[in-house]
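Visitor: sequence unavailable; structure follows:
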């Protein structure tokens, strides 16, 4: 799988947000996914992930998806908000729901596959920084499997970057990062204007000979760990997300 940026709002007492606040995040997410080009994956910040209950609703004249769509429409016409609709359909055993999104012990979570597209990494963190202002009573933990986030992991709280002392996944010192105000790499978007789409499947790969397989996979830089920066983890010109950060903090 390609390199991801993972984001989580952990289920703990200090984190909370309203349905209205989350609706604002969803509108912002939809705008980013629609407005920009994504070569590998899109933003997927979710409060829940749903699965149809195919086991209990099999062998019917209507498909489970048709039953779900009709029931959902009925509940919407009654004026129920989206979350209450999901709760109701879960109680009716139409849906199997993973609350908190993709990761356990979360109020919301998600990930975006960015592979080696550092512009998409920028856009993901730019979205999350804005989203943190829409959820002022929650912290968003962000982990980069690549190098756009210089410390590997940090938290966003109301447009501030927060480091947990001893919690970063790189050798970089959080205090030094705060002093320099450089938590994110500078990215030249022009480098990725025609970036090829990510593919993780090779047709008939299992039938290829050993030497043919090696030829196919030898340049799998799509994992994105190496980066394409000009020097010292930054491009010489480009967009600087650090300038949008309100403050840089280190906490125990």
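Guide: Thanks, I have the structure now. This one's a predicted model, so the numbers in the text were calculated from it and none came from an experiment.

Visitor: can you give me the buried ones in stretch 67-80?
Guide: Judged by neighbour count (16 or more other C-beta atoms under 10 Å), stretch 67-80 contains these buried residues: 67, 68, 71, 72, 75. For the C-beta atoms, the positions are set from N, CA and C on the backbone; glycine is no exception.

Visitor: which SSE is the second one in?
Guide: According to DSSP states H and E, residue 68 maps onto helix 64-77.

Visitor: neighbouring contacts of that helix?
Guide: 52-54, 57-58, 60, 84-85, 88-89, 92, 94-95 (C-beta atoms under 8 Å, 6 or more residues apart in numbering).

Visitor: which stretches of the protein form helices?
Guide: 19-35, 64-77, 82-91, 118-134, 174-180, 210-217 (DSSP state H).

Visitor: from the contact counts, what lies against the shortest one?
Guide: It stands for helix 174-180. strand 160-164, strand 248-251 (3 or more C-beta pairs under 8 Å, 6 or more residues apart in numbering; DSSP states H and E).

Visitor: ok, now the third one?
Guide: Other elements packing on helix 82-91 under the criterion 3+ C-beta pairs under 8 Å, 6+ apart are strand 48-52, helix 64-77, strand 95-99.

Visitor: can I get those in JSON lines with mean pLDDT and distance to residue 159?
Guide: Output for these, formatted as JSON lines (pLDDT from 0 to 100; distance: least, C-beta to C-beta, whole Å):
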{"stretch": "strand 48-52", "mean pLDDT": "91", "distance to residue 159": "26"}
{"stretch": "helix 64-77", "mean pLDDT": "92", "distance to residue 159": "34"}
{"stretch": "strand 95-99", "mean pLDDT": "92", "distance to residue 159": "27"}
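
Visitor: just for the protein, where's the confidence low?
Guide: Within the chain, the stretches with pLDDT under 70 are 1, 166-171, 198-205, 213-227.

Visitor: just the buried residues of stretch 48-68, please?
Guide: In stretch 48-68, counting by 16+ other C-beta under 10 Å, buried: 48, 50, 52, 53, 57, 64, 67, 68.

Visitor: now tabulate these in JSON lines and tack on distance to residue 187.
Guide: Putting the buried residues of stretch 48-68 into JSON lines (distance: C-beta to C-beta, whole Å) gives the following:
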{"residue": "48", "distance to residue 187": "32"}
{"residue": "50", "distance to residue 187": "34"}
{"residue": "52", "distance to residue 187": "39"}
{"residue": "53", "distance to residue 187": "43"}
{"residue": "57", "distance to residue 187": "47"}
{"residue": "64", "distance to residue 187": "43"}
{"residue": "67", "distance to residue 187": "46"}
{"residue": "68", "distance to residue 187": "40"}
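
Visitor: what's the closest of those residues to residue 252?
Guide: Minimum distance to residue 252 across the buried residues of stretch 48-68 is 32.5 Å, recorded for residue 48 (C-beta to C-beta).

Visitor: and the gap between the closest one and residue 54?
Guide: As for residue 48, its distance to residue 54 is 18 Å (criterion: C-beta to C-beta, to the nearest Å).

Visitor: could you do residue 92 as well?
Guide: 15 Å.

Visitor: ok, back up a step: which stretch among the helices and strands packed on helix 82-91 comes nearest residue 252?
Guide: Closest among the helices and strands packed on helix 82-91, using C-beta to C-beta: strand 95-99, at 30.1 Å.

Visitor: which other residues reach the closest one?
Guide: 47, 48, 49, 50, 51, 52, 53, 68, 86, 89, 90.

Visitor: all strands for the stretch 101-250 of the chain, in order.
Guide: 106-113, 140-144, 153-157, 160-164, 248-251 (DSSP state E, counting those that start in this stretch).

Visitor: what's the angle between the longest one and helix 19-35?
Guide: Between strand 106-113 and helix 19-35, the angle formed by their directions is 10 degrees, by axes from the mean of the first three to the mean of the last three C-alpha atoms, to 10 degrees.
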